[in-house]
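Engineer: Sequence first, then the predicted structure, then my questions.
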Amino acid sequence: MRDSSSTRFIRFHLKIRHLVLLVELGRHASILHAAEAAGLTQPGASKLIGELEHALGVPLFERLPRGVAPTWYGKVLIRRASAALAEMDAAHQEIVQGQAGFGGRVCIGSVLSPASSLVPRALQLLKERNPRIQVAVSVDGSNTMVEQLRAGELDIVIGRIHDPAAGVELDFEPLADEARSLVVRAGHPWLERRDLQLDDLAGAAWILPPPGRLRDRLMALFIARGLPQPADIIETLSLPLVMRLLAQGERVVALPPGLVQAELEAGTLAVLPFELGLRGDVYGIVTRKRHQLSPSAGAMLAALRGGGPGAPGPAFPPTLTNTVLAYLRRISLWEIAAARPYDPRQDSCDKTRSETCTNAWR
């Protein structure tokens with residue numbers, strides 16, 4: 001059940017400056033620095049925090065000797081505030097697009113393999129239909145990009161969802177999984193071997209992604225055979241760096257062959273004659289659940305799906321006010337107060353008087 005006082009505060013008294021301050025507190029972990037970034041005085045920032053804590057009945061930040069740290073409730077609120085402000089930015093972009101004709105900007109993120117195959121094809125299709133749309137593409141790990149998506153920093157992610165808690169807020173359209181082959185430079189001495197064993201690979205010089213599920217599965221192969229895990233490792237997600245490292249030495253990397261198909265066909269890279277039996281999790285298109293994409297993001301989504309008449313949604317963008325209000329009513333700030341009972345001993349503030357809370361933050 002939603003507390004009526006919390007509901008009234010969020011619907012009628014929550015201000016944009018509350019959201020801006022929360023986001024800046026997440027970035028700076030300091031009342032003073034966050035206040036400066038939000039264009040507020042320190043007493044003004046303390047007053048806004050006190051208002052939020054009084055309305056929600058939970059402590060949002062813990063005072064430390066140097067700065068502040070968000071509580072669990074504070075982390076939830078910061079993430080939601082960031083997404084709310086991103087919605088406002090998107091609404092503004094829709095209005096600009098409506099005034100200037102169909103264009104706009106879309107930000108997408110992709111894991112490595114689709115970034116070299118699916119994404120270029122989709123971008124070509126998008127530009128054929130809507131050349132005025134600007135697209136920003138980042139390539140990173142799934143966990144990082146999913147958090148950016150949840151915060152509203154990305155519109156679409158082509159990747160994987162590893163965290164079930166995050167999956168509740170996201171929609172996932174599966175695309176493909178990927179078998180891994182052992183790729184080396186042309187002329188690598190192991191290419192002539194037909195008796196290559198996992199024991200040999202344990203002592204190899206490897207190029208690996210940062211720690212994650214795929215790397216864990218690879219290491220599990222060695223552990224299951226009682227072998228030492230590889231020690232000579234270079235971590236990177238940069239494909240150009242992988243190419244350079246392979247070319248200049250004897251390193252091994254586990255990649256989807258399609259990722260380096262051109263190099264395999266040109267004869268600069270080759271696949272070792274050893275079946276690793278390693279596959280990545282299914283990757284797919286990830287978007288925020290119940291989130292109305294902007295026309296430009298909708299067009300990008302249609303291109304990623306391989307076709308379609310274009311961006312979904314109304315011909316004319318909604319007004320800024322309606323978009324923001326509709327979103328703020330959905331962002332479930334009440335989950336902070338309803339998640340678990342609040343123990344007043346956790347906080348020295350007297351929740352019956354917001355002035356007391358405000359003074360504690362000065």
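Structural biologist: Here it is on my side, so go on. Please read all numbers here as calculations on a predicted model, not as lab measurements.
Engineer: wait, doesn't Val253 sit right on Met243?
Structural biologist: No. With contacts counted by C-beta atoms under 8 Å, Val253 stays clear of Met243, the gap being 9.6 Å. Backbone N, C-alpha and C define where each C-beta goes, glycine included.
Engineer: Compare neighbour counts for those two and give me the winner.
Structural biologist: The neighbour comparison of Val253 against Met243 (other C-beta atoms under 10 Å) goes to Val253, with 23 against 17.
Engineer: Can you name the residues that contact that one?
Structural biologist: Leu182, Val183, Val184, Trp206, Ile207, Leu208, Val242, Leu246 (C-beta atoms under 8 Å, 6 or more residues apart in numbering).
Engineer: nearest to Gln292, of these?
Structural biologist: Lowest distance from Gln292 to the contacts of Val253 (C-beta to C-beta) belongs to Val242, with 38.2 Å.
Engineer: number of nearby residues for that closest one?
Structural biologist: The tally of other residues near Val242 (other C-beta under 10 Å) stands at 22.
Engineer: The one 3 residues further on too?
Structural biologist: Using other C-beta under 10 Å as the criterion, Leu245 is surrounded by 17 other residues.
Engineer: SS state for it?
Structural biologist: Secondary structure, DSSP: H, G, I helix; E, B strand; the rest coil: Leu245 is helix.
Engineer: That one and Ile234 touch, don't they?
Structural biologist: Yes. Leu245 is within contact range of Ile234, at 6.3 Å (criterion: C-beta under 8 Å).
Engineer: Find residues that contact each of the two.
Structural biologist: Shared contacts of Leu245 and Ile234 (C-beta under 8 Å, 6+ apart): Ile207, Arg251.
Engineer: Now render the contacts of Val253 as TSV, adding pLDDT and secondary structure.
Structural biologist: What follows is the contacts of Val253, written out as TSV (pLDDT from 0 to 100; DSSP: H, G, I helix; E, B strand; the rest coil):
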residue	pLDDT	secondary structure
Leu182	95	strand
Val183	96	strand
Val184	96	strand
Trp206	97	strand
Ile207	96	strand
Leu208	94	strand
Val242	93	helix
Leu246	96	helix
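Engineer: Pick out the most distant pair among those residues.
Structural biologist: Val184 and Leu208 (14.3 Å).
Engineer: related to what we said a few turns ago, which one of the contacts of Val253 is nearest Lys75?
Structural biologist: Taking C-beta to C-beta as the measure, Lys75 lies nearest Leu208 of those, at 30.4 Å.
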